[in-house]
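Novice: What would the 3D arrangement of this be:
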Amino acid sequence: MKQTFARGAIFRVALIGICAALIEAVKLALAAIPNVEGVTLFCALFGYCFGWYGVLSTVVFVSIEPLIYGYNTWVVSYYLYWPFVAVVFMGLRKLRVKNRVGVTLIAVLLTCWFSVLTSLVDVGLFTGMRNNYWHRFWIYFVRGTWFYVVQIVCNAVVFPFLFRPLSNLLLGLSDQFLPKRKKSEKGLDKTDEI
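Specialist: Numbers count the residues shown, from 1 in each chain. Down below sits the predicted model:
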């Protein structure tokens, strides 16, 4: 029994590490194309397919980022946002949300929230909450609109095409390697529509 528990724990730690490494690899692979990103897709997939292990992998990913890029206000936004994406998609699986349009809409709304969140954090941490905070926020937000639009369009295109096949693949792996998960957590059958 101890050996089985140890093997399961080792697998779970490895799963979290591999998921975090995949998120980082996708981010680095697309870094040359401004604001075209796959991080949202992979955080969503891992939260949806692996539950809390997916959420932990996003925390590990965020913890790796400052080691590569240094510390700044974006670190706060990342710690707030990326685990939140995984938690939202974990909730979608528990709610059995399978509709392709619904999943894409949630991803697009989360990407819109990312633009607002990063602007709120950056303006608040750079300039403080003194006079004219909201005026400064809108100037900062509008200045970054082009980048936010690119991210939103990227996710609006990627999610309808890639979420279903990748989630089916990962759910198969999840069922195979995490067999003790509750029956109620079982998400999609291979025949279900996303």
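
Novice: Tell me which other helices or strands the helix or strand where Ala21 lies touches.
Specialist: When secondary structure is defined using DSSP states H and E, the element that contains Ala21 is helix 2-29. If contacts are counted by 3 or more CB pairs under 8 Å, 6 or more residues apart in numbering; DSSP states H and E, helix 2-29 sits against helix 39-50, helix 52-69. Any C-beta I mention is one placed from the backbone N, CA and C, and that applies to glycine too.

Novice: buried residues in that helix?
Specialist: 12, 15-16, 19-20, 22-24, 26-27 (16 or more other CB atoms under 10 Å).

Novice: Repeat that for stretch 34-43.
Specialist: Residues of stretch 34-43 classed as buried: 37-43 (neighbour count, 16+ other CB under 10 Å).

Novice: Counting neighbours, what do you get for Ser57?
Specialist: One way to gauge burial is a neighbour count; for Ser57, by other CB atoms under 10 Å, it gives 27.

Novice: do the one 10 residues further on as well
Specialist: Using other CB under 10 Å, Leu67 is surrounded by 8 other residues.

Novice: Output the longest helix belonging to this protein.
Specialist: The helix of greatest length in the chain, counted in residues with DSSP state H as the criterion, is given as helix 145-177.

Novice: helices or strands up against that one?
Specialist: If contacts are counted by 3+ CB pairs under 8 Å, 6+ apart, helix 145-177 sits against helix 39-50, helix 100-127.

Novice: quick check, distance from the shortest one to the centre of its chain.
Specialist: Looking back up the chat, that one is helix 39-50. Offset of helix 39-50 from its chain centre (CA atoms, centre = their mean, to the nearest Å): 5 Å.

Novice: Report the mean per-residue pLDDT for it.
Specialist: Per-region confidence: helix 39-50 scores 95 on mean pLDDT.

Novice: and what of the longest one?
Specialist: Mean pLDDT, computed over helix 100-127, is 89.

Novice: Now do the next helix or strand after that helix against helix 145-177: the angle between them, please.
Specialist: Beyond helix 100-127 on the C-terminal side, the first helix or strand identified by DSSP H and E is helix 133-143. Inter-element angle recorded for helix 133-143 and helix 145-177: 80 degrees (by axes from the mean of the first three to the mean of the last three CA atoms, to 10 degrees).

Novice: report the angle between the axes of helix 133-143 and helix 100-127?
Specialist: Between helix 133-143 and helix 100-127, the angle comes out at 120 degrees (the same axes, to 10 degrees).

Novice: which parts of helix 133-143 are buried?
Specialist: Of the residues in helix 133-143, those buried under the neighbour-count criterion (16+ other CB under 10 Å) are 136-137, 140-141.
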